[in-house]
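[1] this one's sequence-less:
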């Protein structure tokens, strides 16, 4: 059973290397606490305050920080794979080049190639143009507002096709040589399951989508 901690004051505490894996925190104050190297993976944090906290090299994979404050927190070297940051206060958050899955995963500028999986195991190769809006949350899935369909091939046989149907919207059709535009593109990068053309940077990652 998952342990739950409510209305607790951990502010300014020394909690280096603490193991909080899989816990639920509700209205817990971690402000200015030293959580260097702590394991907070897969935690659910409800209205918690991490402002000014030291989360250097912390394990934050799968942690739900929605609606929490991470204002001026230091996440240098932390792992945020699949952490949920939608609606979190990230004002002046500190990170570095060792912080994983916080910066944009796809190229921030210029054109590049992406891949997506559609119905009937069809893999669509996309050109994301230089003027396309693009974003990513805290995993390898990215989104853009428009792309050109380069090829459509069977995932197993590489047989070419002229079109493919989106998993999410049956009326959204990818056709070779044509541009597709997502009018519902959501520019909020931390909103992961939302409007836009979802894609991956490698065919292998696209093939793994279920």
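    Structure received. Every value quoted in this text rests on a predicted model; they were computed, and no experiment measured them. Numbers count the residues shown, from 1 in each chain.
[2] CA atoms for contacts and neighbours, from now on please.
    Noted.
[3] list the buried residues for stretch 105-117?
    Applying a neighbour-count criterion of 16 or more other C-alpha atoms under 10 Å, the buried positions in stretch 105-117 are 105, 106, 113, 114, 115, 116, 117.
[4] residues in contact with it?
    By C-alpha atoms under 8 Å, 6 or more residues apart in numbering, the surrounding residues in contact with stretch 105-117 are 123-131, 134-140, 142, 166, 198-203, 206-207, 209.
[5] and that stretch, how far from the chain's centre?
    15 Å (C-alpha atoms, centre = their mean, to the nearest Å).
[6] just stretch 199-206 next, same as before
    Taking C-alpha atoms, centre = their mean, one finds the center of stretch 199-206 at 15 Å from the center of the full chain.
[7] same thing with stretch 177-192?
    Stretch 177-192 sits 15 Å away from the centroid of its parent chain (C-alpha atoms, centre = their mean).
[8] same question for that stretch: list its buried residues.
    Under the neighbour-count rule (16+ other C-alpha under 10 Å), stretch 177-192 has 180, 181, 182, 185, 186, 187, 189, 190, 191, 192 buried.
[9] dump the buried residues of stretch 105-117 into a markdown table; add distance to residue 72 as well.
    Below are the buried residues of stretch 105-117 laid out as a markdown table (distance: C-alpha to C-alpha, whole Å):
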| residue | distance to residue 72 |
| --- | --- |
| 105 | 22 |
| 106 | 25 |
| 113 | 35 |
| 114 | 34 |
| 115 | 36 |
| 116 | 36 |
| 117 | 38 |
